[in-house]
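In: sequence unavailable; structure follows:
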């Protein structure tokens with residue numbers, strides 16, 4: 001296994017021109033400048049949700065298409081959006097990304113909620129808050145999850 005830096009073709013470059021890195025190449029949708037966000041791979045796309053930019057928490061959803069090497073902002077999402085957060089977990093279960101907890105940006109405690117982003121139809125993603133049944137773990141932030 002070896003790390004390598006991802007490069008993308010310059011939009012104005014010809015087929016024979018060289019490539020440039022994310023840090024030096026402008027994109028139609030800027031590379032997110034956030035931390036404590038989540039990234040989940042589904043159908044060859046990385047779904048980036050939430051995060052903190054040093055001023056506020058976000059609830060935006062972006063994708064990075066691993067085939068075309070392009071960022072997109074996903075603005076047409078159904079359902080009620082979860083509040084902005086950072087330090088949450090995102091776990092792929094089937095065709096849904098499950099978001100648990102995170103810090104909402106106010107108060108001493110983390111969130112104790114659970115959300116689902118349904119990607120069954122990737123052209124029409126849909127958010128829904130999942131009901132808490134049984135004994136939920138309570139507020140959690142900067143935790144981990146796996147499926």
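Out: Perfect, I can see it now. What you see is a predicted model, and the numbers here were worked out from it, not measured in a lab.
In: alpha carbons only for contacts and neighbour counts from here, please
Out: Will do.
In: residue 61 is in contact with residue 74, isn't it?
Out: Yes. With contacts counted by CA atoms under 8 Å, residue 61 reaches residue 74, the gap being 5.5 Å.
In: between these two, tell me which one has more neighbours.
Out: residue 61 (18 against 15; other CA atoms under 10 Å).
In: the spatially most central residue of the chain - nearest residue in space that isn't next to it in sequence?
Out: Central residue of the chain (CA atoms, centre = their mean): residue 48, 1.7 Å from the mean position. Sequence neighbours aside, residue 39 is the residue nearest to residue 48 in space, at 4.5 Å (criterion: CA to CA, 6 or more residues apart in numbering).
In: ok, back up a step: hmm, the residue nearest to the centre of the chain is touching residue 59, no?
Out: No. With contact defined as CA under 8 Å, residue 48 does not count as touching residue 59 (9.8 Å).
In: select the helix or strand of the chain having the lowest average pLDDT value.
Out: One helix or strand of the chain scores below all others by mean pLDDT, DSSP states H and E: strand 19-21, with a mean of 39.
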